[in-house]
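Q: After the sequence you'll find the predicted model.
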Amino acid sequence: MKNKKTLVLGASTKPARYAFMAIEKLVEKGHSVLAIGQNAGEVAGIKIQTKAIPLKNVDTVTLYLNPARQRDYYNYIVEAQPKRVIFNPGTENPEFYQLLKLNDIKVEVACTLVLLSTNQY
């Protein structure tokens, strides 16, 4: 399996949150993980940053932010030029889909946890 460097945007240290579970599962499956969230902390050995960090060679951005909170990251994500952005349930954002597609970034409306569990990541 290929290591897909992934940015989890909307990361959380709360075990009940899907972003928390996604970080654990990504690490378990051997992917390199970067995490940005509202609060600093650590999940599965991954430090959660509270500010945008320089991104290089990111394969996937997986979103756990509602559409209104995503706006602050539009340019940041487009400039990082990931291969794809995964919109997890509750993060669907047609406005952002258009911007990503204009910049040749694949839009995937899916659940990261399901993709990982079914080896479709």
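A: Thanks, I have the structure now.
Q: Report all helices and strands that the longest helix seen in the chain contacts.
A: In the chain, with assignment by DSSP state H, the single longest helix is helix 18-28. Applying 3 or more C-beta pairs under 8 Å, 6 or more residues apart in numbering; DSSP states H and E, one finds that helix 18-28 makes contact with strand 6-11, strand 33-37, strand 41-43, helix 112-117. Where C-beta positions appear, they are placed from N, C-alpha and C, glycine not excepted.
Q: Which of these sits closest to E24?
A: strand 41-43 (6.6 Å; C-beta to C-beta).
Q: Just the residues contacting the longest helix of the chain, thanks.
A: Here helix 18-28 makes contact (C-beta atoms under 8 Å, 6 or more residues apart in numbering) with 6, 8, 10-15, 33, 35, 37, 43-46, 62, 64, 88, 111-113, 116-117.
Q: Out of the helices and strands packed on helix 18-28, flag the one nearest P54.
A: The nearest among these, by C-beta to C-beta, is strand 33-37 at 9.8 Å.
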